[in-house]
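In: need coordinates for the following:
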Amino acid sequence: GDRSASASAMLSLVTLTLSLSLQAGLVPNPLTVFISPRARVPVALFGWGGGGKKEEAPSTTGLSARDADFARRQDKLAARQAVASTAPKGQVEVTFPQKGNKVVMAQQGEPIGKVVSRAGMRVKFDCKNGRCGTCQVRLNGRAAAKVCQGATIPGGATRKLTLTLDNP
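Out: Okay, the predicted model is just below:
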């Protein structure tokens, strides 16, 4: 009774709105009215079926966005590899944030104590056997190394390192 009357009134209102909008040219994409078996009121789906044409970003090289991103990443990788090939093997750029981001070049396997002294800083010691943690430094803000235990600059693929003294 009441529901079917309100549903048909709603359907006629949607139909009237659609016909007026289409005549006025207000609706750019075709509008589809879909009545689901479970829905009590009609549901209007705008742009169903992908009718409109999307504008793409202007491309100077004619590549898709994915290919352009890939090319950009490859260029950056080539630039990094060129810089790495000119640097001596095993060289690490060590940055000291507590010294105004001072940069010191070091070799992999070199004792951290020597590198810190080259940067013009001093490492504090207390027990000299690693129990107190006074001489502890942080590598890249994470791993802890104790200078009194003979900690060295890590090897492997390390090219840049941030060294922070826990007790400056």
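
In: and the strands in the protein, which stretches?
Out: With strands called from DSSP state E, the chain shows them at 31-34, 43-46, 91-96, 102-107, 136-139, 143-146, 160-165.

In: of those, which approaches Leu77 most closely?
Out: Of all these, it is strand 160-165 that lies closest to Leu77, at 15.8 Å by C-beta to C-beta. No exception for glycine: its C-beta is placed from N, CA and C like everyone else's.

In: by mean pLDDT, flag the weakest helix or strand of this structure.
Out: Between all helices and strands in the chain, the lowest mean by mean pLDDT, DSSP states H and E belongs to strand 31-34, at a mean of 53.

In: hmm, back to that, I'd like the strands of the chain as TSV, with mean neighbour count appended.
Out: Shown next, in TSV, are those (neighbours: other C-beta atoms under 10 Å):
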stretch	mean neighbour count
strand 31-34	14
strand 43-46	12
strand 91-96	18
strand 102-107	16
strand 136-139	19
strand 143-146	14
strand 160-165	17
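
In: take the ones you listed and lay them out in TSV including distance to Leu77.
Out: TSV is the format used below for the strands of the chain (distance: least, C-beta to C-beta, whole Å):
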stretch	distance to Leu77
strand 31-34	47
strand 43-46	43
strand 91-96	18
strand 102-107	23
strand 136-139	25
strand 143-146	26
strand 160-165	16
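
In: right, I'll call it a day here.
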